[in-house]
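**Q** Give the three-dimensional model of this entry:
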Amino acid sequence: MQQATEMPGERQSQSETRLHFRTPLLLSNPMSEQLGKPVYLKMDAMQPSGSFKLRGIGLFCQRAKARGAQKLVSSSGGNAGLAVAHCGRALELDTVVVVPETTPEFIRKRLKGYGAEVIV
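**A** Numbering: from 1, shown residues only. So this is what the prediction gives:
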């Protein structure tokens, strides 16, 4: 299995913080057998926020900070909100995540665990 060489939160350069890391591709034998060709699964659940969303959202948040953003705001009670909350903590920016009433309490707690203000 592939190992990360840098962990999220470490500095890449003086102006960049690494927010995500490369996750492994694992061969799925059952899927490969069924389709008759190799099928690889990307293990993005291993990202700090738990999904692939962190890569794109992380870049956006880094660029926002570089342009002078003082706060991050997201309107997602799912993976995108978790990614923004993670980025806010890593980039030392205040973060607000607006979630629908249907957002489970455990997700609200995870968002708050990243230091985000949660608005329902």
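**Q** quick one: contacts for the nearest residue in space to Lys42 that is not next to it in sequence?
**A** Distances taken as C-beta to C-beta, 6 or more residues apart in numbering place Leu25 nearest to Lys42, at 5.7 Å, with adjacent residues excluded. C-betas here are computed from N, CA, C, even on glycine. By C-beta atoms under 8 Å, 6 or more residues apart in numbering, Leu25 lies in contact with 2, 40-43.
**Q** Report how many residues lie close to the nearest residue to Leu27 once chain neighbours are set aside.
**A** Excluding its sequence neighbours, the residue lying closest to Leu27 (C-beta to C-beta, 6+ apart) is Tyr40, at 5.7 Å. Neighbourhood size, Tyr40 [other C-beta atoms under 10 Å]: 12.
**Q** quick one: Tyr40 and Leu26 touch, right?
**A** Yes. Applying C-beta atoms under 8 Å as the test, Tyr40 and Leu26 come out as touching, 6.5 Å apart.
**Q** Local confidence estimate at the nearest residue to Gly115 once chain neighbours are set aside?
**A** With sequence-adjacent residues excluded and distances taken as C-beta to C-beta, 6+ apart, Gly115 is closest to Arg89, at 5.0 Å. Note on Arg89: pLDDT of 96.
**Q** now do Ala4
**A** 38.
**Q** same thing with the one 4 residues further on?
**A** The confidence metric pLDDT takes the value 47 at Pro8.
**Q** returning to what we had before: quick one, which of the contacts of Leu25 are buried?
**A** Neighbour counting with 16 or more other C-beta atoms under 10 Å marks none of these as buried.
**Q** Done for today, thanks.
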